[in-house]
Structure formats: C-alpha cells, structure tokens
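1. Quick one: sequence and predicted model below, then my questions.
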Amino acid sequence: MTQKITELTPEQEARFPEWRQKYTEKQLWTGETDRPRAKVATDALYQLVGERAPLMAYVRSPLVASVASAFAAALHWGRETGWGLSRKQEKQLLETACKKAYSRLYTSPFYQTTGALISLDQKEQKDAKIISDEAGMSRLIEETTRTVTELLPEDFSYPPRKIEPDDKPASKHYEAMLELMRECLTKIWRLRNFGNQQIAWIAHLTFLRDVCGLDLPEYAAFKHYEDLAECSGYRIMHKHFCVIADPPDRLETQIVDGVYNLHSPGGAAQSWRDGWSLYYLNGVRVSPWLVKLDEGQLDPRWVAKLDNAEERREFVRKVGVERIEYKLGSRIIDKEADPMYQLIDLRLGDGDDTYRPYLKMNNPSIDAVHIEGVPKECRTIQAALNYRNGFTESQIDPVNGDDWYQHGDVTFKQTKSTLFKPRPSKIA
C-alpha cells in the first residue's frame, strides 16, 4: 500500500472502462434503501462531526423528503427556541403548509421545472386535456405528515442554548412559523445529497484506493459516506434528523456519445414509488405537459411562454420549427447561412401585430433549433446575439476579440477580456 501516487501504470489506466461501467450501474440502481446499512453509515457520519445519532425517517421520493424535512426543521426550531406552540397548532400548521406546497404542483396543469406556473386561460387548459391529480396530492400530503410526525417525537431533548426574550403573542408566533416553514422549503436544498445518483463523484477516490492501492487514513471516515451512497438514494441531513428517500423505481435513458441522458418521449423518465415523477427529453428536464401532450395538441404560441432555453428548444424540436413559423406567420428580418441564424418576427395570434423579434439558432451538434425572444430594439442578428450573451456593441471585435464558449443560456469567457469575437468558438 502507498500514501502517494504520482502517475498511473498502463494496467491501471486499462481499468478505466471497467470502473466507469461499475459506477454507471450504481448510479442507475432502482432498488430500495437498505435501511439497516443506511442507519449505521448515517450514525457514523454524524459522530464524525461531533453530533449525536439523528432521528431517522425513510420515504419513497425526494419530493416528500424535501418537503417533510423543511417543515420538520422549522418546527424543531420553534420548539428549541421556546416559541410555545401547542401540538394542536403544530398539526394545523403542518396541514396548511402541506396543502399550499402540494397544491402548487397539482392544481394547475401547466408548471415549469422552476415551480413557476405558466399562465394560460381556461380554454387553453381545457384544450390541454390534463386533469389535476387530487388523489396523488392526498397521498403525498399523508406521507409528508406521517414523516414530520416521526421527526418530532415528544421525548426529544434539545441541547442547552440561550433564548432571547420574546414577548410576541401566541398568534404572532403562529403566523411567523407558517412563514418560516415556507422559507425553509425554499432553502432545504442546501442540506441535500443525491445518494446513489451522485455516486459517480467518488469513483476516482475508490479507484485510487481499490485499484492503485492508495492508503490514506481519511479513507476510514470516507467509507461511511461511500456505504450510504451505495445503499440509498436522495437524502436530507439536518442537525437533528436525516430523511432518506428510495432511489427511483423507473429510469428511462438514452446513450448519446457514450453518455447516459434521461429521456422518455412517452412518459416519465424518472418515477418513484409514491407516484412522483420527473419528465426529461434528451437530457433536459421539462414540464410534464410537454411529454404528455401529442404534437397536435401543442399550440405553437406556447413557445413564447417558456423562459428556459433548453426546455424551449425541446418544445421546438417536438412541435417543429416549420409549424411554429407557419402557424405564427413569421417574417425574416435578418439571416445568415453558416452558422444558421435568423432574426424573425413572429405573430402570436393575440391580435397584436407589433414587431416581436425572435432569434432562431441552429445547433448542429445536437440536431436542434432554438427560438428565443429578444428586445424590439434588435434589428440584426448581431444585436440579438449581443443582447442574449450580455455583450455591448463596443465589445465586439472580429479581429482582436477573444474566443468565448456557449452552453445553453450560459456563456464562458475570460474574466480579463474586454473584446470578444462576434460568435462563440464552441456551442454545446
């Protein structure tokens, strides 16, 4: 065994494909959590950072894990700081918070992956033929309530802490707790880990240990993290509790250039045992309606309601750019042949015929077309690209400008550069 490795042997490098396949299979695992093994590993990790063994709860999806953890964290804080809420008030708060959280997902048929609802009129909702899943919402609320209750046992004791004097009336505490539960829901992601679906990040560490013979004392502590990643899915690790979700029971992927992308044009690409699902097309997480509706049910006007560039690209890919342009009566304002850019004026069928410029871009590497709205001041392709990429006209220099790269909505450029080429040197 060795404590320092400066280079790999040809024999070790030859095992890269084996190791990649090994960890790909771990990441695509769809089994259920090994609870005894997970409990041992979790307790050991908490002990390593000087914390007592946490309260444990096991759920069937990351959604319930996140919502339950957020609400449990808020209620623990209320108990620990002496807000004096009764158990009846806590129960009422939990019921109210759950209904607000889950109704956002299930009462509107159109929602984006950010959680922001797309505003469509009643006729458009009817035409979409998507029915809200009230039964599914009830199941999730029930499991969330059960999980939070498990995480708030009556005999739980808190370490001593200084409590600031608080002369708020009980009614104010109730209102403040409801707001705190909402706030925790927006920030609970900071405590998350994706478990087996994130296990590829440690493959290099196990390769150095198991294949190359690297022997470091830190591996003893690392083994607990490794065990937990191998035997369970998504988790939330709070000071007082740990909530672990099972891996998904369904994973639909496609392999593109040797990379597994989540993809399912006929339904959910990921689903969990409590009925929660996520939808992906060509590796892009999309709203459920974009998968569930047939091409003919998708109104081309909806392209203007999608803010995310990658989701909008998948909409265009499914509906067809020709149909969108024909349906909306497009007019070419400016165009280039290679690479293929067009600045087009689209009519959205709302009776407003004012100038509405959209930048149309072809991405040959993934055989897809993007359509993106730009300000009315844009009359050329270059002006539209400058707006899209955060450049000013004075920063563009075809001769002396530096190279830059583009991936979806994100641009990568040198921080010290002041001048840039008109087009990205690489598009992903």
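-> Looks like it arrived, so ask away.
2. If you count neighbours, what's buried in stretch 195-202?
-> Neighbour-count burial for stretch 195-202 flags 195-197, 199, 202 (criterion: 16 or more other Cβ atoms under 10 Å). Quick note: C-beta positions are derived from backbone N, CA and C, even for glycine.
3. just stretch 305-317 next, same as before
-> 305-306, 308-317.
4. what's the closest of those to T9?
-> Of all those, the one sitting nearest T9 is E310; the distance, using Cβ to Cβ, is 40.9 Å.
5. got the phi/psi numbers for the closest one?
-> Taking degrees, to the nearest 10, you get phi -70, psi -40 for the backbone angles of E310.
6. again, but for Q92
-> The phi/psi pair for Q92 (degrees, to the nearest 10) is phi -60, psi -40.
7. Count the residues that sit near it.
-> By the measure other Cβ atoms under 10 Å, the count of residues near Q92 is 14.
8. Model confidence score at it, please.
-> In this model, Q92 is scored at 92, pLDDT.
9. tell me which of the buried residues of stretch 195-202 is nearest to W276?
-> Distance to W276 across the buried residues of stretch 195-202 (Cβ to Cβ) is lowest for Q197, with 14.7 Å.
10. and that closest one, how far is that from V399?
-> To V399, Q197 is 47 Å away according to Cβ to Cβ, to the nearest Å.
11. try F391
-> According to Cβ to Cβ, F391 stands 16 Å off from V399.
12. In terms of packing, which of the two has more residues around it?
-> Comparing F391 with V399 by other Cβ under 10 Å, the one with more neighbours is F391, at 20 against 6.
13. Bridged to the nearest residue to that one once chain neighbours are set aside, which residues?
-> Closest residue to F391 apart from its sequence neighbours, by Cβ to Cβ, 6 or more residues apart in numbering: F420 at 6.2 Å. Beta-bridge pairing for F420 (DSSP bridges): I396, D402.
14. got the contact list for F420?
-> Contacts were defined as Cβ atoms under 8 Å, 6 or more residues apart in numbering; by that measure F420 touches 391, 395-397, 401-404, 413.
15. Y158 contacts E80, correct?
-> Yes: using Cβ atoms under 8 Å, Y158 makes contact with E80 at a distance of 4.6 Å.
16. Model confidence score at R423, please.
-> Here, the pLDDT recorded for R423 equals 84.
17. Count the residues that sit near R52.
-> Counted with other Cβ under 10 Å, residues neighbouring R52 total 12.
18. for D367, same thing?
-> Counted by other Cβ under 10 Å, the residues lying close to D367 total 9.
19. same deal with E154?
-> E154 sits with 5 neighbouring residues when counted by other Cβ under 10 Å.
20. same check, this time on T186
-> Residues near T186, counting by other Cβ under 10 Å: 10.
21. And the helix or strand hosting it, what does it pack against?
-> Assigned by DSSP states H and E, T186 belongs to helix 170-187. Applying 3 or more Cβ pairs under 8 Å, 6 or more residues apart in numbering; DSSP states H and E, we find helix 170-187 packed against helix 62-80, helix 87-106.
22. right, so of those, which gets closest to H263?
-> H263 lies closest to helix 62-80 among the helices and strands packed on helix 170-187, at 19.6 Å (Cβ to Cβ).
23. Now find how far off-centre that closest one is within its chain.
-> Its chain's average C-alpha position is 20 Å from that of helix 62-80, according to Cα atoms, centre = their mean, to the nearest Å.
24. Between which two of the buried residues of stretch 195-202 is the distance greatest?
-> Pairwise distances across the buried residues of stretch 195-202 peak at 12.3 Å for Q197 and I202 (criterion: Cβ to Cβ).
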